[in-house]
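Chemist: Test case, fold it:
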Amino acid sequence: MKPIDYTCLLAAGGLFVPATNAQPTLADEGYSLIWQDEFSGSAVDGSNWEFMYGTGAQFGLNGWGNNELQYYTDRPENIRVENGELLITAQRENYGGRDYTSARIRSFGRFSARYGRFEARIKLAVGEGLWPAFWMMPENSVYGGWPLSGEIDIMEASQDASYVSGAIHFGSAGNRVFRSNGIGGSFGNEFHTYAVEWEPDRIRWYLDDQLFMAQFENNWFSGAAPSDPNAPFDQPFHLLLNMAVGGNFVPNPDAGSPFPKTMAVDYVRVYEQLQVPFNGEPADLTQRVEAEDYDHGYAGQSYSDTSLFNEGGEYRLENGVDIEVSSAGGYNVGFLSPGEWMEYTIEIPETGRYRIDASVASQSSGGSFRLLFDGTDFGADFIVPSTGGWQNWVTTTAEIEIPAGEYVMRFENTSSTGQGFNVDWFGAEQTSGPCLADIALPQGVLDLSDISVFASSFQNQIFLADLAEPFGVYDLADISAFVESFTSGCP
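Modeler: Coordinates of the predicted model:
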């Protein structure tokens, strides 16, 4: 997978420059395979792909809208599966009124997805006039015809396969816009992996898992949805593979250009990204959780930041959370604005009362935040004082009663407008054993509220009422444990 750090972010062009080869795996970052074609059969799988034919005239796009020279067919001379590879071959021949033939397939009506990682391992042909592409188009074009509903080009090759690029197309009928960047090298006659990672507010392009471009929602728009910052790239797209001949992107071949030429595709794979713990397993909150180690996942899934870019310029630049070097060592999350949040998959090792600490700093304004556990507010509310400097760290605390278990802990900035602070880490220390009956506010008081919450939780089989073994079963043992704790008058 991609490197962890990058030395440079050029926000205007959306280009990342890789700085290290340390590569976590797809699974580490929460990617799960949801669709694939390994081309292991004897023919193109019709449940995955639809053949496209002709010159595009049937769509009102003679020359496929780009003055291309080929006629697309489904003949084995142009497309076939052989030895575990999809082979697309461009031929020089008179066919359908054209001087060249080739092939184009798409997953329209068979498979489409919104967000994830889309990749293919491809061996490009080398030759004048060849225009191979691995790309995506909207499944339903909900914003209207091209370019209002967008286009994502994962890989296009030109200049005898010495240049590969990616692009997005968008805009309005009167303002057709594209953003593109590429990388030079020798990419023909050997396999390379081409991929995009598409999230709600950003798309990143990779060549052999090295990032070479990123585009963000402030760089695109749809004239049909001016109030939607993610449009048009917030709808399902399907996949396309083809090799055109000539057209607007490459020089046309001449009479001496050698043909046939074949592009080979080893596989096409699509992954969805799920929220997963940063280190692969829930973090023990009593052993300290670093603020910058929030769960893997994209914006809106595992974190929310009001700006697109990592303004701290450290550690996890592919996301938008603002991470900077901490004077206490390691990193901290900074520039926290009201409404921003991050989530951490954590473990509470034992039911009981805990003092939760957080290391915070603020130049002058301070602020406040809270921690929610699986969306439940146990009263972990924190006040951040002014510490006289963004790296002058103090510890702020809150006490809660919480059952043992695994939770998604959400940090949520509850400050009023204009207040800001930094957070370095979170930690917890158990201050007393479990008071099983104290499950409702106000904490430290056993009253009818606790009885009511227990009765409701028991009836609806909610974990708050699961107080005794066997855990996961709601029975008389839970009722007995609650009654015994309540009558003992704890805490």
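
Chemist: going forward, measure contacts between C-alpha atoms and count neighbours the same way
Modeler: Noted.

Chemist: what is the rounded mean pLDDT of stretch 179-191?
Modeler: Mean pLDDT, taken over the full extent of stretch 179-191, equals 94.

Chemist: what does that stretch rub up against?
Modeler: Contacts made with stretch 179-191 from outside it, assessed by CA atoms under 8 Å, 6 or more residues apart in numbering, are listed as 121-126, 160-169, 212-213, 215.

Chemist: Kindly give a single PyMOL line that selects the buried subset of the residues you listed.
Modeler: The following PyMOL command selects only the buried members of those, with burial defined by 16 or more other CA atoms under 10 Å:
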select buried, resi 121+122+123+124+125+126+160+161+163+164+165+166+167+168+169+212+213+215
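
Chemist: which ones among the contacts of stretch 179-191 are found in strands?
Modeler: Restricting the contacts of stretch 179-191 to those inside strands, with DSSP state E as the criterion, leaves 121-123, 163-169, 212-213, 215.

Chemist: Show me what the helix or strand hosting residue 391 is packed up against.
Modeler: In the assignment (DSSP states H and E), residue 391 maps to strand 389-402. Helices and strands touching strand 389-402, as assessed by 3 or more CA pairs under 8 Å, 6 or more residues apart in numbering; DSSP states H and E, comprise strand 352-373, strand 376-384, strand 420-432.

Chemist: Show me what secondary structure element comes after that strand.
Modeler: Following strand 389-402 in sequence, per DSSP H and E, is strand 405-413.

Chemist: Tell me where this structure has helices.
Modeler: In the chain, the segments counted as helices under DSSP state H are 448-459, 476-487.

Chemist: In the first one, which of the residues would be classed as buried?
Modeler: Of all the residues in helix 448-459, those buried under the rule 16+ other CA under 10 Å are 450-451, 453-454, 457-458.

Chemist: do the same with the last one
Modeler: Neighbour-count burial for helix 476-487, with 16+ other CA under 10 Å as criterion, is recorded at 477-479, 481-482, 485-486.

Chemist: For the closest residue to residue 433 other than its chain neighbours, report the pLDDT, please.
Modeler: Nearest in space to residue 433, with sequence neighbours left out and distances taken as CA to CA, 6 or more residues apart in numbering, is residue 352 at 4.8 Å. What the model reports as pLDDT for residue 352 is 87.

Chemist: number of nearby residues for residue 352?
Modeler: By the criterion of other CA atoms under 10 Å, residue 352 has 20 neighbours.

Chemist: again, but for the one 4 residues further on
Modeler: As a burial measure, residue 356 scores 24 neighbours (other CA under 10 Å).

Chemist: Go ahead and confirm it touches residue 398.
Modeler: Yes - contact between residue 356 and residue 398 holds when scored by CA atoms under 8 Å: they sit 5.4 Å apart.

Chemist: if I look at the two, which residues touch both of them?
Modeler: Counting by CA under 8 Å, 6+ apart, the residues touching both residue 356 and residue 398 are residue 380.

Chemist: Any idea what residue 346 is bridged to?
Modeler: Going by DSSP bridges, residue 346 is paired in beta bridges with residue 283, residue 407.

Chemist: likewise residue 357?
Modeler: The residues paired with residue 357 through beta bridges, assigned by DSSP bridges, are residue 397, residue 427.

Chemist: if I pick it, what's in contact with it?
Modeler: Residues counted as contacts of residue 357 (CA under 8 Å, 6+ apart) are 395-398, 426-428.

Chemist: go on, residue 172?
Modeler: Residues in contact with residue 172 (CA under 8 Å, 6+ apart) are 147-148, 222-224.

Chemist: Make CSV out of the residues you listed and add neighbour count and distance to residue 85.
Modeler: Shown next, in CSV, are those (neighbours: other CA atoms under 10 Å; distance: CA to CA, whole Å):
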residue, neighbour count, distance to residue 85
147, 23, 32
148, 25, 34
222, 27, 37
223, 21, 40
224, 17, 40
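
Chemist: Now render those residues as TSV, adding distance to residue 269.
Modeler: What follows is those, written out as TSV (distance: CA to CA, whole Å):
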residue	distance to residue 269
147	26
148	27
222	28
223	31
224	31
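
Chemist: ok, those vs residue 279, which is closest?
Modeler: Checking the contacts of residue 172 against residue 279 by CA to CA gives residue 222 as the nearest, at 37.6 Å.

Chemist: contacting residues around that closest one?
Modeler: The contact partners of residue 222, by CA under 8 Å, 6+ apart, come to 143, 148-150, 170-172, 231-232.

Chemist: Would you mind listing the two of these that lie farthest apart?
Modeler: For those, with distances taken as CA to CA, the pair at the greatest spread is 172 and 231 (11.6 Å).

Chemist: Now do stretch 150-167: distance to the chain's middle.
Modeler: The chain centroid and the centroid of stretch 150-167 are separated by 22 Å under CA atoms, centre = their mean, to the nearest Å.
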